[in-house]
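> A predicted structure for the sequence below; I have some questions about it.
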Amino acid sequence: MALKLADVRTDLHNDWCSGCGDFGIEASLQMALTEMSVDIHRVVIFSGIGCHGKIAHWTNTFGIHTLHGRTLPFAQGAKLANPGLEVIAIGGDGDGYGIGAGHFVHSGRRNLDMTYIVHDNGVYGLTKGQASPTQRLGEQTKSLPQPNINSAVNPIMLALAAGYTFIARSYAFDNRHLKETIKRAVAHRGMALVDVLQPCPTYNDIETKAFYSGEDRPDPATHRPAPRCYDIEKSGYNPLITKEMTPEDVDKKTLEVIKISNEWGDRIPIGVFYQNGNVPTYEDRIMGRIPTYLEQPPAKQVIQLQDRKSAADLPRLWKELTIGS
Amino acid sequence: MALKLADVRTDLHNDWCSGCGDFGIEASLQMALTEMSVDIHRVVIFSGIGCHGKIAHWTNTFGIHTLHGRTLPFAQGAKLANPGLEVIAIGGDGDGYGIGAGHFVHSGRRNLDMTYIVHDNGVYGLTKGQASPTQRLGEQTKSLPQPNINSAVNPIMLALAAGYTFIARSYAFDNRHLKETIKRAVAHRGMALVDVLQPCPTYNDIETKAFYSGEDRPDPATHRPAPRCYDIEKSGYNPLITKEMTPEDVDKKTLEVIKISNEWGDRIPIGVFYQNGNVPTYEDRIMGRIPTYLEQPPAKQVIQLQDRKSAADLPRLWKELTIGS
Amino acid sequence: MSSKTVNELNWMIGGAQGSGVDLSASAFARSCVLAGLWVYGTREYYSNIKGLHSYFEIRTSGRQIRSKVEGVDLLATFDAETLVRHADAVTPGGGIIYDPALSQTPIEKVDTLYKDEIKQIQGRLAQQGLGSDANAILEEAKRRGVKLFAVPFSSLIQEIAKRLETSELTKVNRTVNVLAVSVSLALLGLDRRFMDESVHQAFSASRKQKLVDMNLAAVERAYGYAKEKFGEGGLEVGLVPIQSGPRMFVVGNQAVALGKMAGGCRLQTYYPITPASDESEFLEAHENFALKEGATKDGKGSVVVVQTEDEIAAITMAVGGALAGARAATSTSGPGFSLMTEGMGWAGMNEVPVVITLYSRGGPSTGMPTRTEQGDLKFALNASHGESPRIVVCSGDMEECFYDAFRAMNYAERYQLPVIHLVDKGLANSNMTILPPDPSMIDIERGKLILDGGAKDGEYRRFAHSEDGISPRAVLGLSGYRFWNTGDEHDELGHINENPENRIRMMKKRMTKLETADREIPESEKVSFYPAKGHPDVTLVSWGSSKGAILEGMALLEARGIKAEFLQIRLASPFPAQAVRERISRGGLVIDIEQNYTAQMAAVIAEKTQIGIRNKIVKFNGRPISRDEIYESVRQVVSKPEANERVVLTHGA
Amino acid sequence: MSSKTVNELNWMIGGAQGSGVDLSASAFARSCVLAGLWVYGTREYYSNIKGLHSYFEIRTSGRQIRSKVEGVDLLATFDAETLVRHADAVTPGGGIIYDPALSQTPIEKVDTLYKDEIKQIQGRLAQQGLGSDANAILEEAKRRGVKLFAVPFSSLIQEIAKRLETSELTKVNRTVNVLAVSVSLALLGLDRRFMDESVHQAFSASRKQKLVDMNLAAVERAYGYAKEKFGEGGLEVGLVPIQSGPRMFVVGNQAVALGKMAGGCRLQTYYPITPASDESEFLEAHENFALKEGATKDGKGSVVVVQTEDEIAAITMAVGGALAGARAATSTSGPGFSLMTEGMGWAGMNEVPVVITLYSRGGPSTGMPTRTEQGDLKFALNASHGESPRIVVCSGDMEECFYDAFRAMNYAERYQLPVIHLVDKGLANSNMTILPPDPSMIDIERGKLILDGGAKDGEYRRFAHSEDGISPRAVLGLSGYRFWNTGDEHDELGHINENPENRIRMMKKRMTKLETADREIPESEKVSFYPAKGHPDVTLVSWGSSKGAILEGMALLEARGIKAEFLQIRLASPFPAQAVRERISRGGLVIDIEQNYTAQMAAVIAEKTQIGIRNKIVKFNGRPISRDEIYESVRQVVSKPEANERVVLTHGA
Ligand SMILES: Cc1ncc(C[n+]2csc(CCOP(=O)(O)OP(=O)(O)O)c2C)c(N)n1
Ligand SMILES: Cc1ncc(C[n+]2csc(CCOP(=O)(O)OP(=O)(O)O)c2C)c(N)n1
Ligand code: SF4
Ligand code: SF4
Ligand SMILES: [Mg+2]
Ligand SMILES: [Mg+2]
C-alpha cells in the first residue's frame, strides 16, 4: 500500500519559525519515507535536542526525541537490539557536531547500517542563536555579541576521518535533491551521514535562504539569482569506492572528497561525497561472533519458557564454575 | 641555570610495567624540559586517567592528573586563566581519542597555544587491555576475547579536521626524535598534537617494540632489523604552511598529510605532518575582544582593593539598570 | 477617582513568542518605574523560538513588592490566543483590551492550543450556554463583571502609517505592542510622558530614529484613542506617579552576573542552556568593565567568558582556571549539571574553589526547560559518586541572587571546594525593582590563598593537614610552590596514595572543611527568620523563590488573624541543623512549602534534624507560587491540618 | 594432630601485581574446594598493572563462610614486601613461609612502600630494639610466637629446572607461586592430590602440557621439601578433606553476570572501568550460550556486549536497546555512573526499563579504584536533576548478587524505570563457595509489555494513565503501536506538552509507580531480618557487603553473651520505611554499620523514618569490614554507647 504524505505526518501544531529550513528537511524526509520501499512500521526516527529535535514529533513513525548530543548512541542501541528496524537518527549541528562530537566520531568506527541526518544551520537555534561548530571563525550572526571566536569543523572531513561509509550533503530547500539523498543514505549498507545546509531565518542572517539561492549574485545572462549550491555528482564526480579499486585509488578518492568539502563561498558542493559499501557493517562483525545474531537479535530472543522460568540453560554454563558433584 | 634531568624528576616509585613505552615518553619529555628555554616554574603538566596519566606525578613540574578524557578542557582552563603558563597536556589514546574525542575536536577549533601529547598504545592499559580507538579492526591483542570489532581512528586526520595547527607523530623509544618533536610542539604558537606510538608490552602484543624496530624484517644487506618508523621530514617532506601559500597550495599540503598519515604496516611515518603558524591563536582572538587580556588575564587580575572591598566599579556598570536618582 | 485602588495592580499581556510581547512588557514596567513605582514581573513561555504563546504579568505598586499575585486587573491582548487563555484570570471589575477583529475566531482555530485544552475551554463555555469563539470568551468575562475595551489595532496602525507617510506596513504593524501598552496606561490614567520616555529608552539603543518616531506616534495615537473612546475608562485601579529614589530594575540572572563580577569572578565558562545562558551572555556583553580607582593603573577589568563544547568541558575548564588562580565559575541548569557531576567531584577531591550556578527548571530530563521548579536540591546535595564536600547556597530573592553570587565566590575560595548556587528559573527570569545592592557590604575573602609567593625553601604541601581542614593554597605558576593534583586519593603533596591511614586522614580533612564552614559562616547567611507578631500560629519553612510569595502571603494571613512566622533556609550544605531544629520545634504548626513533587527540603530537614514535617504545600506544575496561593493554602492547612497533609498547588496558565 | 584446629583458617599470599599471586590464591582456594571445603577469598591490589603490591586472603572452613577475618594463620611470601607489610598480621601460633635469600633486604629498599610507611615500620621495629630489614620483621614475628618456615625458592626452582632438563629459567621461575602454595598446603597437611588437580585445572586451559608438567613438578618438589624440612610443621591449624555436595566457586561480578543472563539480559553495554568491567568481559566470553529445551528450535541464546566510547553512550545505548524490546543493562562504577545520570533521568522520564549495575569503589572522584566502599548510596538515590523514579537494590552477598541481578531485570520491566543494582567492590572482587543458585526460584516477569502486538485499531497511548501508574508498553517496530518519546514533559502519546494540569498528572503517574512497586515487592526482597535468640541487646542495621561480617560477628557476640539481631536493608528505593521503623524502634540498642564516611544509610533512615540512629560504626579506608571488627566494635559500642557514637574502623593493610 503506497503511503501518502499525510500518513507520515502527525497532526500536531508545528512550532518552527516561519521560513525555517527545518520545514524543507521535514518535507523531504517525509516524502522519502513515502517513496522508500521500507515497511513504515519498522522505521524509527531518533532526534536530538534543538529546534530540529521536534521533527520526531511531526513525523508519524516511531519517534524518539532523545537528549542533547546523544541521538547517535540511543539510535545505535535500538539498531543493535533489533537490526530489523530502519533507524534514522536526526541531529542538530550543535547537538551532533558540538556536544555530540565524540559519539559522532565513534559511530563512524562502528558502521552500523543506519542513517544520520544533521540540520546544519550554523547556530544553536533553540537556545537563541549562539554560534554552532559549523559557524566560521570571525562570522557574526545576528544574535552574537561578538564575532564567532572558534574555527569551524568540516563535517564531511570529520565523517571521513571517523569512518562513515556514506557521506553526503544537501540543502534544506532543494527538496528533490535532499529527498533522493536521504533515500540513498537509507539504502546504503552502513553508517550514512547527510549534512543538510539549513537556513535559520531567525538567528543566522549570513547563511540565509537568499545566500544559498544566490540572490546577491544574479546570473549575468539570465539576471536570475545563481544558486551557490551545485551538485558535485552532476559535475561528473563519482563518490563510489568499488571493490576493484586499489589502495591508491581509494587514497585518491579520499583526497578528492576533502578537497571538494573545503569549497565554500560562491560554490558550495552538495551531493554524495563518498560511498563505500565494502566495509563490513557492525552487524556483519557481530555475526562473526554470534552467528545467530540476525535471526535472534537481543530484542527478539526468547527469554522465558512457557512456565515463565528463565530460558537460559545456565546450569550447563556454570558447570565450569562448580566443583564437586 | 641549566636544568638537569634530576631536577625535573620526582623521586617517587614509578610503577609502569618494565619495558613500557611510557618510560621512553617520560624520558623524552623530561629531557625536552631541561633543554627548552622555558621557565620551569611556569610549566604545568596535565594528564588524563590511564597508565600514561601517572606521568604528571613522575615529573617535577606542576602536575595535574585530571579525569579520564578531560585533560584538554582542564588544561585549556588553566591556559585561559593564565596565558603565561606553559601548558602541556598529556593523554592516553583511550582517554584522548576515545572518551575524550569531543574535547579533542573542539580544542582544535580553539587553537590555544599549548601542546597535547598522546600515549598511543592501541589499548586501554590501566583497565587491563581492552582495545583503544587506534587499534585496527580485526586485530586481536593479547587480552581481547575476540578480535577488535571497531575500525580505528586516524588521529592525524582527525586533528587536521579539527583544526590543530601543529600535528606530529613520534615513537616512544626514539628518544631523540620525540624530544625534538616535543620541543617543536611547545615552541609552536597554537594547538599542537604529538601522537606518540607507544609499545605496551603487557597488553599489546602486536605493535610491540620488536614490531616498531622491525625485528621480524632484517635488512637484507646489513641483516640488522629495519625499523618500521621513518622520519617523513628526513624523506624531504616539508610540513610548513606559509603565509605565501595559495589556498590551492594549502589544499595540496592537506591532502599530502592525509595520504602520508594513512601509511601503516611496513612503513610508519613519524615526524611533523603539518604546521601552520598563521591561524590566530585563541589568545589572539580574545585580545580582539579584551585588549588588556594578556597583561591582565583572569588569574592576574586585581579583584580587591586595599580594604578588601571589591575592585569592580559596579555602580558605574549598573547605571544602565538603574532608574531614578 | 477616589474609589480607585491606586498604584496596586496586576497587568498582563500575551502573544506569540517572538512577536514583541517581551518588549511590551518591559515598556509597561519601565513606564511604571519611571513614574516612581515598584514592579515585579514574571514571564511564562514555551520551549520554542517563535509562535507559541508567551505572557507577562507586571505587578506594580507604590511600595516594594516581591511576588506574583493571582488575578489580573487589566489584560492587554492583540491575538485571539491570549484572550482565550487568560480572559478568565481577569478579576471582576478589571478590564480586557482586545481587537474586535478577532472576536469571531473559533477556539479550535487557535492551533497552538493543545487539543485537550481546546476541549476543556469549549466545555466550560458550553456549560454557560455560550458559543465557542473569542466572543464567547468576552461574553463570559463580561458576565463576570469585567470591562471590555475594543481597540481596532489594524485601523490604528493604518492611521499611524498614513500619518508617518510610510508604506512599510509590516514595520508599523510591530507597533501593535506599543499600542496595547499605551492603551493600558491610558486606561490606568498614567501620564503619557512616562511611556514616551520608556519608548525612547527602549528603541534608542537600535539607533533608528524612524523606529523611535513610529512608536512615539503609536503612543500618541493610543492615548488619543483611549481618551476618545473610553474616557476615564471606569477601571477600579489606576496609576499615579510618586517620588522615589533610585531603584534598580533587574532580572534574576543579571543580579547573579553582577554579584559574580563584584565577587571577583574573572573566568566564566558555559554551554548554552535555558534559563542559564542569559547570565553568561550578560557577562560577555560586559566583559570589559571599569575598576575602582586605586585598583590598577589602567583601571581596566575584564571577565573572560568561554562557550565550551559541553558542560563537562565547562566545569573542568573552570576548574583548570581556578587552579591557575582565577576566580572561576560556570552556569547551567539541570541537564548540564548532570553532566558536571564528575568534574565537580574532582574539584571536591582536589579542593579547588569553583562556583556552579545551577538554575533550576522543570525536570526530570529535558522536562520543562522554560518553567520553574525546585527539583534539584537533593541532587545538588548528593551529586557525584563518593563523598566530597560542597557548599550549597539557595537564593530567595533578587538581592540574595546578587549577594549570594558574591559570597559563593568567597566561600569557594575560603573553603577550597565547589559551591553550588541554586537559583530557580522563577527568579532567574523574573524582573523587579530593588534598591541597588551595595557590593561593599561584603569583603573579598581569599582564605588561605598564598598571595606573596616569594621564593620558598622546603617542600610545599598543597594538602597539608590542619585543624580546620584547610591548607595554604598556591596557584599554578607560583614559583617555589610546585604541587600535584589527582582525582585519586593522595598524600599531602598531592601524589597518589592508597595507604589506609592516609585515606582516613584525607577523608577527614576534606569533610572537616564543611564543619569549619558551618562554624564560621554566620547564621544570618544560613537562615533568614521572619517572626510573627506574637506567638505564631504557623511556622512556614521554605527556600528559594517561594520567599517573596510567602512574605507577602504572611501579611494577608495576619490580616485574617493567622500569625505566621517564616524560616527561610538559605544554606543547604552545610545544613544549619541546629537553627532549623530550634525554630521548627518551638514555633507554630509547621508547614513546609516547596516547588517540587517530593518536598525535598522537608526530606533534608528530616535527615538532619529527625523532625518530620507533616504538613506540606507543594507545587510542581512549572508555574511559580503566588502570594494568594500561599494565603489560601496556608489557611486551608491551618483549618484542618490532618486532612491537608499534602496540598498540591495548581494555579498558573 | 588432636590439638589442631581443623578446617578453620585464614591463609594469605602476597606479591607484586602481575607476578602470578592471583593464580596462587586461586590454586590454594581451588585445592581446598576440591577437598570439599568452603572458602571465602578477598583480594587487595593497587590501581596499577604490574609491580605494586597485591595480596589475597583465603579463608577456608568446613562449613559455609561469608566474611573476612582478622589474623593470618599462615602467610606465604616470596618477596620482601609481603613479609614487611603483612608479617604483623600473623597470629601467634601461626606461620610465615619466606625465602631466606630475602631476609637481608633493608626496609627502605622496598621502593613500592610509601615513605611514610617505611618510617612507620622502622619506628615500630626500633621500639623493639630491632634492626631495619626483613630479618627484623621475622624476628619480631618470632618473638610473638609465630613459626618461621624458610624456603629457598631459587634453589628449589633450579632443582626443578634441572629435573625437567629445561633452560627456560624465566618460565620455571614462575612456579614460585605454585611452590609457595604447595608448601603451604603441605604444612597444613592437605593431601597433595588436591593441589595436583588444582594445577591441572588452572593450566590445562592454556593447552601447554609443558606448563602443566612444570607446575606439577613444583608441587611435588614443594611437598617433598616441606616434609623433609618441616615434618608435621607444628602449626596449630590444619586441613582435612571432607564430603560435600556441589558448590559453586564464584566471584561477585560473575554472580551478577550469571544473574543477568538468567534474568534475560540480552544487551549489555559498558565502558571499561574497575571493578565493573570484569562482569562485561565475563558476559562477552560467554556471549553464546544454550537455551533450555523447548525455548527455541535451535536452542541458541546470546547476549550482545558492546564496549562503548564512554559511559554516556553506554547508558543511552542500553536505553535505545530497551526501547526496541531487549532486556538491556550496563555496568559501571562511580566515575562512569556520574556520567550516566543524565541518560538515566531520560529513562526515568520515558519509563524505559534499564538496569545499571553500579560497582561501588573508593571515592570521591577517581578515589581508590581498586578498593571497596559504600559511598554511592545517596548519589544513586538522588542522581539526575529533577524528580524521577528509580529502584535501588543493594546486594549483600554472592547469592544476592545473582538473584538481585535477575530481579533487577524484572523490576525494570514491571515498573518501567531504571533500576540501580549496587554491589560493593568488596563483593565484586571476592570469591567464595556457595550452593549453586537456582534460577527457577524466580519467574521472568515482563509486566505490562505488549507481547502479542496484533494489528490494532485506535490510538496507542504509550503513557496512558492508569491507577498503578504503569501503562501497557509496546516496543519499537511493533506494528500498530506507534509511539513517541521525549525528555520533555509529554502527553499520553509521548508528545511534548507543557500544560500545567498535564504536568501534574504525569509527575504523579511516574512517581506512583514507586508506590506500586513498594506495594507489590514482597518484604522479603526489601529487607532481611536475622533475629537474635531471645530479646536482642543490639539491633545492627546495615546493607551491602557488610552482611557477611555482621552475620559471623553476631555469632561471636552471642558467644560472649551479647544478643544481636540484624536488619539488612536490601531495597533502598522504594524505601521500606515501615519495616525499618518497626524493627529499629522495638529492638535493642541500634547500631548502624556502613562502609562510608557519613553513614549514608543512617541518613536515609532518618529521612524516611525520622529516627536518628545515634550509634554508628563506619569504615572508609578502602578495606572491607571483617568479622572481628564487627565483633570488637559492637562490643565497644555496647559497653559505652554514649562514648562511642561514631566508631571508625581502621583495619586492613
Ligand atoms: C546537556 C544539555 N545541555 C544544553 C542543553 C540546552 N540546549 C537545548 S537546544 C540546544 C542547542 C541546539 O542547537 P542545535 O543542536 O544546533 O539545534 P538547532 O536548535 O539549531 O536545531 C542546547 C544547547 C540541553 N538541552 N542539554
Ligand atoms: C569516566 C571514567 N570511565 C572509565 C574509567 C576507567 N579507566 C581508567 S584508565 C582507563 C583506560 C585508559 O586507557 P588509555 O587512555 O588508553 O591509557 P593507558 O592506560 O593505555 O595509558 C579507563 C577506561 C575512568 N577512570 N573514568
Ligand atoms: S530558531 Fe532557527 S532553526 Fe529554530 S525554528 Fe527558528 S528558524 Fe528554525
Ligand atoms: S599496562 Fe601497558 S601501558 Fe600500562 S604500564 Fe604496563 S606496559 Fe605500560
Ligand atoms: Mg543548529
Ligand atoms: Mg592506551
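Ah, there it is. Numbering: from 1, shown residues only, chains lettered A, B, ... in the order given. Ligands and ions are numbered 1, 2, ... in the order given.
> Now do the closest residue to ligand 2 within the stretch 401-550 of chain C against A:L197, distance only.
Proximity of the stretch 401-550 of chain C to ligand 2 (C-beta to the nearest ligand atom) peaks at C:G487, 8.0 Å away. From N, CA and C alone the C-beta is placed, and that goes for glycine too. Distance from C:G487 to A:L197, counting by C-beta to C-beta, to the nearest Å: 42 Å.
> The residue of the stretch 401-550 of chain C closest to ligand 2: what's it in contact with?
By C-beta atoms under 8 Å, 6 or more residues apart in numbering or on different chains, C:G487 lies in contact with B:I49, B:H65, B:T66, B:L67, C:G345, C:W346, C:M349, C:N350, D:S365, D:T366, D:G367.
> Could you state which residue of chain A sits nearest its centroid?
A:Y116 (1.8 Å; C-alpha atoms, centre = their mean).
> Which residue is the nearest non-sequential neighbour of it?
Distances taken as C-beta to C-beta, 6 or more residues apart in numbering or on different chains place A:A89 nearest to A:Y116, at 4.7 Å, with adjacent residues excluded.
> Now do the phi/psi pair for the one you found.
The phi/psi pair for A:A89 (degrees, to the nearest 10) reads phi -100, psi 140.
> Tell me the spacing between it and D:K4.
With C-beta to C-beta as the criterion, A:A89 and D:K4 are 68 Å apart.
> How confident was the prediction at C:S19?
C:S19 carries a pLDDT value of 90.
> Name all residues that make contact with it.
Here C:S19 is in contact with C:K50, C:D79, C:N177 (criterion: C-beta under 8 Å, 6+ apart).
> hey, which helix or strand in chain A has the poorest pLDDT?
helix A:314-317 (a mean of 80; mean pLDDT, DSSP states H and E).
> Need the contact partners of the very next helix or strand once past that helix.
The element immediately downstream of helix A:314-317 (helix or strand, assigned by DSSP states H and E) is strand A:322-323. Contacts of strand A:322-323 with the rest of the structure, by C-beta under 8 Å, 6+ apart, involve D:R30, D:V33, D:L34, D:P246, D:R247, D:M248, D:F249, D:T433, D:P436.
> So the residue nearest to C:A16 when sequence neighbours are not counted, which state does it fall into?
Nearest residue to C:A16 in three dimensions, chain neighbours excluded: C:G51, at 5.3 Å (C-beta to C-beta, 6+ apart). Using DSSP: H, G, I helix; E, B strand; the rest coil, the structure places C:G51 in coil.
> Over to residue 156. Which of the three states is it?
Reading this off chain A. helix.
> Actually, chain C is the one I wanted.
helix.
> Then C:G622?
coil.
> can you pull the pLDDT of it?
What the model reports for C:G622 is a pLDDT of 98.
> Same check on C:Q600?
C:Q600 is given a pLDDT of 98.
> Find the nearest non-adjacent residue to it, please.
In this structure, C:Q600 finds its nearest non-sequential neighbour in C:L377, 4.3 Å apart by C-beta to C-beta, 6+ apart.
> got a list of what that neighbour touches?
Taking C-beta under 8 Å, 6+ apart as the criterion, C:L377 is in contact with C:V392, C:C394, C:L422, C:W543, C:A572, C:N596, C:Q600, C:M601, C:V604.
> and the first one, what helix or strand is that in?
Assigned by DSSP H and E, C:V392 belongs to strand C:391-394.
> How far away from the center of its chain is the following helix or strand past that strand?
As assigned by DSSP H and E, the chain's next helix or strand after strand C:391-394 is helix C:398-415. With C-alpha atoms, centre = their mean, to the nearest Å as the basis, helix C:398-415 stands 16 Å off its chain's centre.
> same check, this time on stretch C:631-644
Here the centre of stretch C:631-644 is set off from its chain's centre by 27 Å, with C-alpha atoms, centre = their mean.
> Over to stretch C:409-423?
20 Å.
> tell me the average confidence for it?
98.
> backbone phi and psi for the residue of the stretch 401-550 of chain C closest to ligand 2, please?
The phi/psi pair for C:G487 (degrees, to the nearest 10) reads phi -70, psi -20.
> Tell me how far it lies from ligand 3.
39 Å (C-beta to the nearest ligand atom, to the nearest Å).
> Quick check: closest non-adjacent residue to A:Q304.
Excluding the flanking residues, the one nearest A:Q304 by C-beta to C-beta, 6+ apart is D:I444, at 3.8 Å.
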